[in-house]
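Engineer: Here's my sequence, what's the structure:
(chains A and B)
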Amino acid sequence: MSKNNMTLPDLATALNGLETEEGMSFNAEVINGEVPTLQVTVSDREEFPIYITIDDSQILAVSYLWKESEIKPGSREELLEALLTLNIPMPLSSFSKLGGQYVIFGALSCHSDIEDIIHEVDTLSDNTLEALESISEFLQ
Amino acid sequence: MSLFKKLFTAVRGAATEAGEAVVDSQALRIMDQEIRDAENELKKSKEGLTTVMAQKMATERQVKEKQKAIEEHEGYAVQALDKGDEGLAIQIAEKIAEFSNELTPLETLLTGQTQSVNQLKQTIKQTEKRLQATKREVALIKSTASVQKAQDAIAATHSGSTSAMSSAMDSMQRIKARQQEKSDKMNAALALENEGGDGDLKAKMAAAGITDSGASGNSILEKLKAKQSNASAQ
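Structural biologist: Residues are numbered from 1 along each chain as shown, chains lettered A, B, ... in the order given. I've put the predicted structure just below:
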């Protein structure tokens, strides 16, 4: 292994206060728990933070979308169809579900460097808003 | 593999609760226990593989020994025939038959052991993959639980402005409203800047003596003065 694996505190330090070329700035904070999780808030999009976990096999970045209860009655099938259709055209991210919570996520290799991770967070944040925009007609 | 079926069912149960509110810690404990059980099972399978592999190596050695013995005795038999000792040759040939009869079951055993090793290896590989996948899923559920706890804590501290409690659409509307406000402010600033630019130009023109007004106090006074001096000169 040529590169050292990134840890959450490393990542927090690297992301905190960072500003991208597009003017996005990040604020990162480790949430301690049984599985430590990094909460990354993106400026002007504080409502949809990105949560990052690192394990032996991958770095996972997740953004929480809507809950099952937020779907307009009778629209569920169309919504699921739309999500499946969006999965491939959407760069780097995919949709998933954790219980009743819909999520959008991206997975990276443990050996990714900081630029890759910044790009991932950046893209995931854009994708979160775009996904919500595209799906909004099915939500209440 | 019923163990894994059980495991996935447990994951699904805990995840459903994770989606609703906070993960049931009891469900998570059961899941952790089941992952540990699966890991123990895997460990046993690996130990089993080691045993079968050792047995297979022993069989291989026995097969080689028999094959070597047969080869050697075939040489002896030829030598005995060369010396015209048919009786000895037959005795040697009987020995070879004995070795051959011993070799056949050994070869069958070896084939079986080779298959077992391959099967065990494949099972272990698959089990490891599924265990990894389950662990990842459990980790994500736990991470979600941590996030929810943190969000609940924030919500409790700053009640009123909680993103945790509002719907995705509400959050989206807020972001959009903020973006609109931002772009309005930017447009207003831009408009102000333009006006400021005009004012600036007027000041510069005035400083250069260029005025857009047809008459000013000074210019009229100058004209009067000029008239006066003209009159006194006449």
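
Engineer: roughly how far apart are B:Glu195 and chain A?
Structural biologist: 26 Å (Cβ to the nearest Cβ, to the nearest Å). Where C-beta positions appear, they are placed from N, C-alpha and C, glycine not excepted.

Engineer: Read off the pLDDT value for A:Ser2.
Structural biologist: In this model, A:Ser2 is scored at 43, pLDDT.

Engineer: and B:Leu109, what helix or strand is that in?
Structural biologist: Taking DSSP states H and E as the definition, B:Leu109 sits inside helix B:86-157.

Engineer: Identify the residues contacting stretch A:61-71?
Structural biologist: Stretch A:61-71 is contacted from outside by A:48-53, A:79, A:95, A:100-108, A:117, A:120-121, A:124-125, A:127-128, A:131-132, A:135, A:138-140, B:19, B:140, B:143, B:147, B:167-169, using Cβ atoms under 8 Å, 6 or more residues apart in numbering or on different chains.

Engineer: Just the residues you listed: which are in helices?
Structural biologist: Secondary structure from DSSP state H places A:79, A:117, A:120-121, A:124-125, A:127-128, A:131-132, A:135, B:19, B:140, B:143, B:147, B:168-169 of the contacts of stretch A:61-71 in helices.

Engineer: Let me see the contact set for the nearest residue to B:Gln132 once chain neighbours are set aside.
Structural biologist: Counting by Cβ to Cβ, 6 or more residues apart in numbering or on different chains, A:Ser57 is the residue found nearest to B:Gln132 once chain neighbours are left out, at 6.2 Å. Residues near A:Ser57 by Cβ under 8 Å, 6+ apart: A:110, B:132, B:136.

Engineer: quick one: the last one and A:Asp55 touch, right?
Structural biologist: Yes - at 6.7 Å, B:Arg136 and A:Asp55 qualify as touching, with contact defined as Cβ atoms under 8 Å.

Engineer: Just grab the bridge partners of A:Thr41 for me.
Structural biologist: Going by DSSP bridges, A:Thr41 is paired in beta bridges with A:Asn27.

Engineer: Filter the contacts of A:Ser57 down to the buried ones.
Structural biologist: B:Arg136 (16 or more other Cβ atoms under 10 Å in any protein chain shown).

Engineer: From the contacts of A:Ser57, pick the one nearest B:Glu74.
Structural biologist: Using Cβ to Cβ, B:Gln132 comes nearest to B:Glu74 of these, at 53.3 Å.

Engineer: Quick one: name the residues of chain A near chain B.
Structural biologist: Contacts of chain A with chain B, taken as Cβ under 8 Å from any Cβ of the partner chain, map to A:31-37, A:39, A:44-48, A:51, A:53, A:55, A:57-58, A:60, A:62, A:64-68, A:70, A:97-101, A:129, A:132-133, A:136, A:139-140.

Engineer: Where does residue 34 sit, in terms of helix or strand?
Structural biologist: The chain I'm using is chain A. Applying DSSP H and E, one finds A:Glu34 in no helix or strand.

Engineer: if you could check chain B rather than the one you did, that'd help
Structural biologist: In this assignment (DSSP H and E), B:Glu34 forms part of helix B:25-82.

Engineer: Would you mind giving the domain segments of chain B?
Structural biologist: Per automatic domain parsing, the structural domains of chain B span B:2-165, B:175-233.

Engineer: Compare the mean pLDDT across those and name the weakest.
Structural biologist: Between the domains of chain B, the one with the least mean pLDDT is domain B:175-233; it has a mean of 75.
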